[in-house]
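Trainee: Sequence first, then the predicted structure, then my questions.
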Amino acid sequence: MKSPDNIKNRLLDIELPSAPPESIDIISISLVIIFIIITVAIGLFVLQKTGYKYKRALSILKKELLLSQVSGKLAAYRLAEILKSAHKTNYLSADTISSHRSSWPDFIVRLSRLRYSPDEINSTEVIELIDEARSWTRGSGR
């Protein structure tokens with residue numbers, strides 16, 4: 001019979017089988033993917049909200065006016081278009097918004113005066129109207 005020391009020396013030459021690869025944790029990867037999808041969906045929902053869309057259009061209009069990319073009169077016309085779109089109407093009038101707030105008719109009169117003025121208008125007046133228009137796109141109205 002062979003001595004135990006001799007057997008141990010021979011076994012050192014044998015390579016042990018490699019350990020099985022770590023299993024991929026599908027559950028944690030799935031949870032991360034689901035979390036990302038839900039986050040993107042919520043982000044798109046928030047960005048597509050009607051009020052946000054019109055407020056963004058108002059911000060862009062204000063920025064263009066401040067950078068003198070549009071004239072005051074054109075900005076007044078575009079402001080009216082944004083408000084018509086926000087309230088889903090073809091024209092703006094004092095009764096477009098059925099609200100308890102009485103400043104809407106005054107706002108419409110000032111906007112109409114700027115739009116149909118024969119003279120060049122001051123951009124600061126339009127900027128004031130744009131800032132005030134944010135409150136009219138906040139879900140007030142129809």
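Mentor: Thanks, I have it. Numbers count the residues shown, from 1 in each chain.

Trainee: most centrally placed residue in the protein?
Mentor: Centroid-nearest residue in the chain, with Cα atoms, centre = their mean: residue 47, separated by 2.9 Å.

Trainee: Secondary structure element holding that residue?
Mentor: Under DSSP states H and E, the secondary-structure element containing residue 47 is helix 26-48.

Trainee: One more: residue 70?
Mentor: Residue 70 belongs to no helix or strand, assigned by DSSP H and E.

Trainee: just residue 111 next, same as before
Mentor: Secondary structure from DSSP H and E places residue 111 in helix 103-115.

Trainee: by contact count, what packs against the helix holding residue 47?
Mentor: Contact partners of helix 26-48 among helices and strands, from 3 or more Cβ pairs under 8 Å, 6 or more residues apart in numbering; DSSP states H and E: none. From N, CA and C alone the C-beta is placed, and that goes for glycine too.
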